[in-house]
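Enquirer: A predicted structure for the sequence below; I have some questions about it.
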Amino acid sequence: MSLSRERDTGELMKLWSVLLAMILVPLAACSKGPAAEKRYEVVAHGGTEAEKCAEAGKVADAYLSDGDEVAYRRWRLEKTVACLAAESDSGLSGLMDAGGGEVLEDAAENLAKE
């Protein structure tokens, strides 16, 4: 192989690595779900039930934006549970008597079917 051809091959390899980095780095940064989960964990270890409810909704929304349907459904269920707990803590415990428990059971059953 001639020196000129080796130099051209080396330049081509550098170009490919730069192009690959330009493609992969933004793709990795597009996933919002894992970052939202980390924020939820912080809230879960010291926040109120209402804060957990709000943050679980944000995680679900992040996975919806990512297009991850399974994670979205899981976090929607997590939000339902957290919001029911928040309502119970706020003195609205009559919700459970008015069918709140059934909402949880129905959500769990629907998730299990999929």
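Expert: Arrived safely. Numbers count the residues shown, from 1 in each chain.

Enquirer: just the C-alphas of the helix or strand containing Leu64, formatted as CSV.
Expert: Per DSSP states H and E, Leu64 falls inside helix 49-66. Backbone C-alpha positions of helix 49-66 (Å, rounded to 0.1, in the frame of the first residue of the first chain) are rendered in CSV as follows:
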residue,chain,number,x,y,z
GLU,A,49,-46.7,12.0,48.7
ALA,A,50,-47.9,14.9,46.7
GLU,A,51,-44.4,15.5,45.4
LYS,A,52,-44.0,11.8,44.5
CYS,A,53,-47.3,12.0,42.6
ALA,A,54,-46.2,15.0,40.6
GLU,A,55,-42.7,13.5,39.9
ALA,A,56,-44.1,10.1,38.9
GLY,A,57,-46.3,11.9,36.3
LYS,A,58,-43.2,13.7,35.0
VAL,A,59,-41.4,10.3,34.6
ALA,A,60,-44.4,8.9,32.7
ASP,A,61,-44.4,11.9,30.4
ALA,A,62,-40.7,11.6,29.8
TYR,A,63,-41.1,7.9,28.8
LEU,A,64,-44.0,8.9,26.6
SER,A,65,-41.7,11.5,24.9
ASP,A,66,-39.1,8.7,24.5
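
Enquirer: check which element follows it along the chain.
Expert: helix 69-89.

Enquirer: about what we covered before: I'd like the mean pLDDT over the helix holding Leu64, please.
Expert: Here the mean pLDDT over helix 49-66 is 95, rounded to a whole number.
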